[in-house]
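Engineer: take a look and give me a structure for this.
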Amino acid sequence: MSSAVQSPRSLVSCVLYFIFLSAFCFPLFPAYSSAEEPETVITSDTLEYFHETQTYVAKGSVEVKKEDAVITADEMTYNEATSDLIAQGKVRYDDPTVSMKADRAELNLETNTGKLFDADIVYAEPKHQPPGKKIEKRGANIYLSGKEIEKRGENVYYSPSASFTTCDTPVPAWCVRGRNVEAVVGERVKAQDASFRIKDVPVLYTPYLVAPILTERQTGFLMPLVSQSNTRGFGLKVPFFWAIAENRDATFVLDTYSKRGIGEGLEYRFIEPGVHGNLWAYHIKDTELNKDFLELKGRYENWHADGPGGFLNINILNEKDFYQEYALRLQTSSQRYLESTGEINIPFRNSRLYLLSQYWIDLKHDTETVPQKLPEAGYVLNYTNLGGPLFSASLTADNFWRDGGLSAGRVDFYPKLLYSFGKDFTLSQTAAGRATAYSFYHDTASAESSSTRTAFEYDVVGHTRLYKKYDSFWHVIEPSIGYHFVSSSDNDLPAFDVTELYKKTSLIELSLLNRIISRGNEMATVRLTQEIDTYNGDQPFLPVRLEVGLNAWVPLKMDASFNTYTRRFETISSDLSFRILKANLSFGQRYNRTENIMVYTAGASFSPYRNIHFASSVWYDAEGEGIRDLSVTLRYLRQCWGIRFEMHKRTGDFTALVLLELAGVNSQPSEDNGDGSPHGSSPDPLTGR
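Structural biologist: Below is the predicted model of the structure:
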């Protein structure tokens, strides 16, 4: 029988023995570097050591410490040669990120692997903090439970049958239970024959499950989005997120609509120093309309501090009614044009060269009538000091192309001279010349094949500032008077862009600005402007413009124009926002007498309780269709789960959406990603959220 040393319950004698032994033996051994093997410390009520097998047997309140790991149990056997440890009876393992409980555990402290029986594992990923700081736990912990769990690596676990959740309660609000569960904490979980359970009641089943857990960017399925629409029927969106690399990712989307068919989408994103971009492609075969809808959107930007740069922005639809059929929000479904633009820019010290192309899709009328800028080459000289006056200039060469319509080449030269002087009363003057030449082609009206236009422009603005200080604020008055004059040769030119709107002008502008300033902050502004068009016959006075802005108390922005001849308001626009108790409220109004527009908007958001958030917005057309757009969002959040209801109503359609959000598992964003794409369903670029 092997010899053994019996230790008393009190550890005082053991501690004194080791102090004496260390003091006696220290001079006999050479000094070791700080890279020594980590020490394993065992304490217990009783401790036996077997020399032949180099094994410790501990019983009663056993505790083993190695680095940051602590293991406790009723009984434990530890082999110091192999670092194998067998513990049983209320086994508990703790380190800065993992806590494990089990009836029995077989672990290797060197490889950090082993098996646990009747085990519960809690993992909390530490936050990124500077060295030396205390490690904190994140809010969403991962709980893994099973009869037998094998620890295969640092954060890798496998179980023939297990469940996982992120709920802290003893009976979790939700969990997933399955066979052959493999969890790589901080990355993903895989399982077969998996069932999603609410309060341990199975509600969903899938033969195979892959999901990212407790991470910002990992490959896996995102939460599906369920919807119901009057026009599209029952909808189910299933996104799959692919974390390709640290700077690249992609999302694949499968849409199913019971009344319309199946759609497929792909979004790709990347980011590099000075360069980033994304591409979104979507296709759906609409079985009701018998159409193939295709949407292509993309953005590429390449900017550097020095050297050439540029961008490319693509927006293409093959069918103009795509947004009317599938977009949820009015801002998307009612947009008139889609613009695709690309530019290459070469900067110099005080100027730049560029090459620009623009392509427009008219979503209401025939696109063939829209002039496309393919391309424009230009040189821009920024304002340069000439010893007092400032000089700038631009030279552009454009090709405007229409499919079968009037097209033209155009060269435009536009130099400017700016000079300002004065202190209490400032006078600023701008003088400019402009020369434009055209060469027409594809002209079905047999007009002149070429034309030129010359113009002279002069602007002068006089401005002063008067102010008075009161006890708590400053009152500032800034009157100004200006004159804008353009002398242009008479040419009946077709309109390609704003350059052709450059016509004969003689305009006087009178303006009075009032400002209230308190403690360095602008509290309120009121501007009154009157323009006088001397070329406008017997009605030279243009509508009076009033602009009001309040930044304190109740934030308000308003502008209006009043026709002094008809004594009617031509336009009125206002936006009001304020907070009452826990609610943020906003109201808006748009009125245009000429266009017969009267629209009201309203929005509200508040959280009556910490776990509940409500948001709503409405767009009401008082001159036409009534409520054109209404959206309501209700979100309920708990510690480990949440649910979001969305309701969208627009003319001819009502859609309801439901999304279940599970803490620690990537969730699906809202249906409309806000940039005009109704199917943008991927997480934020390179975050996975």
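
Engineer: would you map out the domains in this protein?
Structural biologist: 1-83, 112-215 (automatic domain parsing).

Engineer: could I get the phi/psi values of residue 639?
Structural biologist: Note on residue 639: backbone dihedrals following degrees, to the nearest 10 are phi -60, psi -40.

Engineer: which one is it nearest to, not counting chain neighbours?
Structural biologist: With Cβ to Cβ, 6 or more residues apart in numbering as the criterion, residue 639 has its nearest non-adjacent residue at 5.8 Å, and that residue is residue 168. For glycine as for every other residue, the C-beta is placed from the backbone atoms N, C-alpha and C.

Engineer: circling back: just name the most buried of the domains of the chain.
Structural biologist: Comparing the domains of the chain by mean neighbour count (mean count of other Cβ atoms under 10 Å), domain 112-215 comes out on top with a mean of 17.

Engineer: near residue 539, how many other residues are there?
Structural biologist: The tally of other residues near residue 539 (other Cβ atoms under 10 Å) stands at 10.

Engineer: looking at it, it is touching residue 565, isn't it?
Structural biologist: Yes. Counting by Cβ atoms under 8 Å, residue 539 does reach residue 565; the two are 5.7 Å apart.

Engineer: can you count the residues close to residue 610?
Structural biologist: 7.

Engineer: again, but for the one 3 residues further on
Structural biologist: The burial count assigned to residue 613 is 17, neighbours taken as other Cβ under 10 Å.

Engineer: repeat that for the one 10 residues further on.
Structural biologist: The number of residues packed around residue 623, counting by other Cβ under 10 Å, is 12.

Engineer: quick check on it: phi, psi?
Structural biologist: According to degrees, to the nearest 10, residue 623 has phi -100, psi 0.

Engineer: sec struct for the closest residue to it other than its chain neighbours, please.
Structural biologist: Using Cβ to Cβ, 6+ apart and skipping residues adjacent in sequence, the residue nearest residue 623 is residue 598, 4.7 Å away. With DSSP: H, G, I helix; E, B strand; the rest coil as the basis, residue 598 sits in strand.

Engineer: ditto for residue 566
Structural biologist: When classified by three-state DSSP, residue 566 comes out as coil.

Engineer: quick one: contacts for it?
Structural biologist: Going by Cβ atoms under 8 Å, 6 or more residues apart in numbering, residue 566 touches no other residue.

Engineer: any idea what residue 310 is bridged to?
Structural biologist: Counting by DSSP bridges, residue 310 is bridged to residue 302, residue 344.

Engineer: OK, contacts around it?
Structural biologist: Counting by Cβ under 8 Å, 6+ apart, residue 310 touches 301, 302, 303, 342, 343, 344, 345.

Engineer: the second one: what's it in contact with?
Structural biologist: Taking Cβ under 8 Å, 6+ apart as the definition of contact, the neighbours of residue 302 are 274, 275, 309, 310, 311.

Engineer: burial count for residue 493?
Structural biologist: The local packing of residue 493 (other Cβ under 10 Å) involves 19 other residues.

Engineer: how close does the closest residue to it other than its chain neighbours get to residue 438?
Structural biologist: The shortest distance from residue 493 to any non-neighbouring residue, by Cβ to Cβ, 6+ apart, is to residue 500 (5.1 Å). Residue 500 sits 10 Å away from residue 438, going by Cβ to Cβ, to the nearest Å.

Engineer: neighbour-wise, which of those two wins?
Structural biologist: Each of residue 500 and residue 438 had its neighbours counted (other Cβ under 10 Å), and the higher figure belongs to residue 438 (22 against 15).

Engineer: so where does the more buried one fall, helix or strand?
Structural biologist: strand 425-441 (DSSP states H and E).

Engineer: each with direction, which strands does that strand pair with?
Structural biologist: Strand 425-441 has these strand partners (DSSP bridges): strand 407-421 (antiparallel), strand 450-464 (antiparallel).

Engineer: next secondary structure after the helix or strand of the chain with the lowest mean pLDDT?
Structural biologist: Across the helices and strands of the chain, mean pLDDT, DSSP states H and E gives its lowest value to helix 12-25, namely a mean of 34. Going down the chain from helix 12-25, the next helix or strand is strand 40-43, by DSSP H and E.

Engineer: what pairs with that following strand, parallel or antiparallel?
Structural biologist: Strand 40-43 has the following sheet partners, assigned by DSSP bridges: strand 55-66 (antiparallel).

Engineer: what does the strand it pairs with rub up against?
Structural biologist: Here strand 55-66 makes contact (Cβ under 8 Å, 6+ apart) with 38-50, 70-80, 85, 87, 109.

Engineer: next one: that strand to chain centre, how far?
Structural biologist: 52 Å (Cα atoms, centre = their mean, to the nearest Å).

Engineer: got the CA positions of that strand in PDB?
Structural biologist: Below are the C-alpha coordinates for strand 55-66, written out as PDB (Å, rounded to 0.1, in the frame of the first residue of the first chain):
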ATOM      1  CA  THR A  55      -1.600  12.000  -6.900                       C
ATOM      2  CA  TYR A  56      -3.400  14.200  -4.300                       C
ATOM      3  CA  VAL A  57      -6.700  13.000  -2.800                       C
ATOM      4  CA  ALA A  58      -8.700  15.800  -1.100                       C
ATOM      5  CA  LYS A  59     -11.900  15.500   0.800                       C
ATOM      6  CA  GLY A  60     -14.200  18.100   2.500                       C
ATOM      7  CA  SER A  61     -14.500  21.700   1.300                       C
ATOM      8  CA  VAL A  62     -11.900  21.100  -1.500                       C
ATOM      9  CA  GLU A  63     -10.600  24.200  -3.300                       C
ATOM     10  CA  VAL A  64      -8.000  24.200  -6.100                       C
ATOM     11  CA  LYS A  65      -6.500  27.400  -7.500                       C
ATOM     12  CA  LYS A  66      -4.500  27.800 -10.700                       C
END
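
Engineer: all set, thanks.
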